[in-house]
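**Q** Pasting a predicted model and its sequence here:
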Amino acid sequence: MRVQNSLLCRFFSIVLVSQFHLVSTIQADENIGLEIAKTMKSRESGFDNYKAEMKMVLVDSGGKETVRLLRVKTREKLGDGNQSIAVFDKPADLKGTAFLSYTHINKDDDQWLYLPALKRVKRIAVRNKTSPFMGSEFSYEDLASTEVKKYTYQYVGEDNINDQPSFVIERFPNDPYSGYSKHKVWVEKERYIPLKIEYFDLKNNLRKTLLNTHYKLHLDRFWRAHEMHMQNHISKKSSVLHWNQFKFRQPMSEVDFDPKRLKRIR
Amino acid sequence: MTRKGNKYLIMIVTFIVTLTAVKAGMTAELRGTVTTEYRNFIQPPAEEKQGSEFLSLSIEPEFYQSWGDNNQSLTVSPFYRWDAQDNQRTHGDIRELFWLYLSGNYEIVVGISTVFWGVTESQHLVDIINQTDFLENIDGEDKFGQAIISTTMHMDYGSIELYALPFFRERSFPGIIGRLRSIPRVDTNTSAQYESKDKEQHIDWALRWSTNLDVFDIGISYFKGTNREPLLTPLLKADGELVLIPYYALIQQTGLELQSVIGAWLWKLEMIYRDSRSDTYTALTGGFEFTYTGALNSSVDVGLVAEYLYDDRGDKALTPFEDDVMLGIRLSPNDTQNTQFLLAIIKNRDAKGHMSRLEASRRVFDSFTLSIEAGIFVNFKQTDPMYSFRNDDFLQIDMAYHY
C-alpha cells in the first residue's frame, strides 16, 4: 500500500512536471510567435501613406490569363488598422468603381463601394472576408492590413526559403468569421518580411499558398513585395499581383479617405 | 429652343466631345459605354398603337480633365439614344458638364451634374435633385442632368451640402407607340402646367447634412422648389384624343436617411415629409439587406433584400407603392466574369397585384457586358397606377461595350 502510494506519487509528480514543462514551452512558443509578429508590424509601420499601381493577373486552371488594373492608396491610421482605396481601371465595365476599406483591430472592418453609373456610394455589410476580391484567388481577408491583435501565435521553428533563413510561425485568426483555421508564415530573419504564407481552411486542410517575391526597399526602411503569387490548391487557379510605381508619403489627408468624398475619386 | 433643336444640339455636342476626347486622349481621361438594346413585349399591347419590338442604340461617353494639382476638373458626359421604332424614345441629354473645385475640406460644383441621396433599393424617396428619365427604364435609376451650383463642406460633425438648382427639367414619358406607359398617355408636346409663374425658370434650393457615426450613417435633407414628380391631369385634345398633361407643383420636402451596418446586416430607412398646396404626406421605405457569404461552401454570395414601402395617402397616392412589400434575392458567384443575378418582387399587402423583375449580367470578351432583364406585371386592379402596364411583360437584352 505504502509502496503503491509512493509509486503513485512519483507517477503523478512526473506527469505534473512534464505537464508543466509542456505548458511552459507552449507559452514560450506563443511569446516567440507574438514577438516575431510584433517586430514584423513595427518594421512595416511608420510609412504614413503610399500610393501604387496594381496589376492583377488571374490564371485559370487551363492557364488562361485575365488582367485587372487598379490604383491603390493606403493610409496608416494611428491606433487602428490601415485605410485603403482601390480604384479600378480595368476591366472596362468597372472603370471608375472605387472600393474604400477601413481595417479595424477590435471590430468588423468598414467597407464602401462607389458605383459611377449610379453616382452612388454603397455601404457593404462586412462578413464578406472570405469572398474572392474581383474574382481572384485573394479574398478580402487576404488583402486587409495585418494587425498583431487579430491573431494568436505559435512559434514553429526555422526553415530556409530560397536559401533565405526564416522563422516559421503559425497565426490563428481571432475573428469567428475568418475563412481560415490558421496561417503558416515564413518570416525572413534579417528583414522580418513574410516570404511565404500557407492558408489552412476551417477543416485544417491546406487551401492556398502565397509567395511574396521581388522585395524592394522604399525610403531606406520599408520592404515591399512587388510580386505576390497566390496558388489555390483546390481550384488549381492562381492570381498574381504586380505592384508598381510605389510612392510613399504623398500629400493625403483624412478627408481623402472619407466615404462622402469617395464619389470624387478618380 | 425647340425640342427638335435640342436633340440635334445634344447629338452634335456628344459627337464633338467624343472626338475631342479621343484626340486629347493623351492627357485627359475618356471612358464610356455603347449599348445595343432589344426589348420584346410578349403580350399584345393594351392600346392598338403601341409597338411590341424595339431596337435601340445608346452612347454615353465621359470626358474628364483635371488641372492645378488635380484641385480643379471638368467632367463632360453627354448621352444619346436612337430608337429604331419609337421616335419619342430617341432622345439625348447632357448627363454631366461641370467644373469641380476641391480644396481641403470643401467642394464647389458649377454646371450640370447628377447627385444621388439615399440608401434603399426598391425606390428612392429622398433622392430629389435630378429628374428621372423614364424613357430609359421604369426602375427610376436613370437621371437627367441637372443645372447645379453647389458647395459641400466636410467637417468633424458631418458634411453640409448646399444647392441652388436653376432650370427645372421636365420628366420624360414614352410616346404613342411606346410601352410601359400610362393609358391614356402623357402628352409632352402640349406645354406642361406649373404652379410657379416662373415655370421651369423657378430656382429650387436644397440642403443636406450627413454623417457617419460608428455603425450608423445619417442624412437629413430639405428641398424647396418644383416637384420632380408631376401630377397628371386629363385633357381632351382637339382631335378627340384623351391625354394626360403634367402639372408641376411647388413643394417643400424634408428627408431622412438612416443606415446601420451590423455584421452581415444592413438596416435601411428612408422617410420623407412632403408639403404642397394640394396635399401633405409622409412616405417611407424601410428594410434590410442580409448577405450570406460562401453559400454551400462555394464562393457564391447570396443577398436577401426585404423592404416595406408606405405612403400615408393610401390609395390616393400617385405612386403605386403605398402599402407594399419588396422581396429580393441577389446571387453573386464572384467569378472572373462578374456574373450577377437579381430577382425581386413587389406586392401590395392587401391586393393581388404584383410586379416581378429579373436582372442578370455577365462580362464577355473583356470589354463587353451582356445583360438580360425581364419584368412581369400580374393582376393589377383597374384603380392601381400599374394597371396601365398589365400587358407589358417584357424581355430585354443589352450588349454593352465599355472603353
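**A** Cool, got the structure.
**Q** ok now do residue B:314, which residues does it touch?
**A** Residue B:314 is in contact with B:322, B:323, counting by Cβ atoms under 8 Å, 6 or more residues apart in numbering or on different chains. Where C-beta positions appear, they are placed from N, C-alpha and C, glycine not excepted.
**Q** what does residue B:36 give?
**A** B:55, B:56, B:57, B:398, B:399, B:400.
**Q** In ChimeraX, how would I select just the buried ones from the residues you listed?
**A** Of those, the buried ones can be selected in ChimeraX as follows, counting by 16 or more other Cβ atoms under 10 Å in any protein chain shown:
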select /B:56,398,400
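**Q** near chain A, from the contacts of residue B:36?
**A** Among the contacts of residue B:36, the residues within reach of chain A (Cβ under 8 Å from any Cβ of the partner chain) are residue B:400.
**Q** For the contacts of residue B:36, give me a markdown table that also has secondary structure.
**A** A markdown table is the format used below for the contacts of residue B:36 (DSSP: H, G, I helix; E, B strand; the rest coil):
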| residue | secondary structure |
| --- | --- |
| B:55 | strand |
| B:56 | strand |
| B:57 | strand |
| B:398 | strand |
| B:399 | strand |
| B:400 | strand |
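**Q** which one of the contacts of residue B:36 sits closest to residue B:162?
**A** Set against residue B:162, the nearest of the contacts of residue B:36 by Cβ to Cβ is residue B:400 (35.7 Å).
**Q** where does the residue lying closest to the closest one once chain neighbours are set aside fall, helix, sheet strand or coil?
**A** Nearest non-adjacent residue to residue B:400, counting by Cβ to Cβ, 6 or more residues apart in numbering or on different chains: residue B:35, 4.2 Å away. Three-state call for residue B:35 (three-state DSSP): strand.
**Q** same deal with residue A:41?
**A** helix.
**Q** So for it, what's the nearest residue that isn't a sequence neighbour?
**A** In space, and not counting its chain neighbours, residue A:41 is closest to residue A:148: 5.1 Å by Cβ to Cβ, 6+ apart.
**Q** for residue B:123, same thing?
**A** Looking at residue B:123 with Cβ to Cβ, 6+ apart, the closest residue is residue B:285, at 5.7 Å.
**Q** From the contact counts, what lies against whichever strand or helix holds that neighbour?
**A** Secondary-structure element containing residue B:285, defined by DSSP states H and E: strand B:280-295. Other elements packing on strand B:280-295 under the criterion 3 or more Cβ pairs under 8 Å, 6 or more residues apart in numbering or on different chains; DSSP states H and E are strand B:265-276, strand B:300-311.
**Q** ok, the residue nearest to residue B:123 to residue B:119 distance?
**A** Taking Cβ to Cβ, to the nearest Å as the measure, residue B:285 falls 9 Å from residue B:119.
**Q** where do the contact lists of the two overlap?
**A** B:268, B:269, B:270.
**Q** Okay, and the beta partners of the residue nearest to residue B:400?
**A** When bridges are called by DSSP bridges, residue B:35 pairs up with residue B:58, residue B:400.
**Q** Pull the contacting residues for it.
**A** B:57, B:58, B:59, B:398, B:399, B:400, B:401.
**Q** can you redo those residues as TSV with pLDDT?
**A** Shown next, in TSV, are those (pLDDT from 0 to 100):
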residue	pLDDT
B:57	97
B:58	97
B:59	97
B:398	97
B:399	97
B:400	97
B:401	97
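**Q** If we only consider those, which is nearest to chain A?
**A** Nearest to chain A among the contacts of residue B:35, counting by Cβ to the nearest Cβ, is residue B:400 at 7.3 Å.
**Q** looking at it, the closest one is touching residue B:367, isn't it?
**A** No. Residue B:400 is beyond contact range of residue B:367, at 9.2 Å (criterion: Cβ atoms under 8 Å).
**Q** Now for these two: what residues contact both?
**A** Joint contacts of residue B:400 and residue B:367 (Cβ under 8 Å, 6+ apart) are residue A:93.
**Q** Okay, now the unreliable bits of the stretch 301-403 of chain B?
**A** Of all residues in the stretch 301-403 of chain B, none has pLDDT under 70.
**Q** Which residues of it lie near chain A?
**A** B:301, B:334-338, B:363, B:366-369, B:400, B:402-403.
**Q** Now with 6 Å, please.
**A** B:301, B:334, B:335, B:336, B:363, B:367, B:369, B:402, B:403 (Cβ under 6 Å from any Cβ of the partner chain).
**Q** bridging residues for residue B:275?
**A** Beta-bridge partners of residue B:275, counted by DSSP bridges, are residue B:252, residue B:280.
**Q** wait, it sits on residue B:252?
**A** Yes. The criterion here is Cβ atoms under 6 Å, and residue B:275 meets it with residue B:252 at 4.8 Å.
**Q** which SSE is residue B:163 in?
**A** strand B:158-165.
**Q** what is the mean pLDDT for that strand?
**A** The average pLDDT within strand B:158-165 is 97.
**Q** can you check stretch A:43-53 too?
**A** 94.
**Q** quick one: contacts for residue B:236?
**A** Residues in contact with residue B:236 (Cβ atoms under 6 Å, 6 or more residues apart in numbering or on different chains) are residue B:242.
**Q** Can you list phi and psi of it for me?
**A** phi -90, psi 110 (degrees, to the nearest 10).
**Q** which strand is the longest one in chain A?
**A** Looking across chain A with DSSP state E, the single longest strand is strand A:206-218.
**Q** Please tell me how far the helix or strand following that one is from the chain's geometric centre.
**A** Counting by DSSP H and E, the element after strand A:206-218 in chain order, helix or strand, is strand A:222-232. Centroid separation for strand A:222-232 versus its chain: 11 Å, with Cα atoms, centre = their mean, to the nearest Å.
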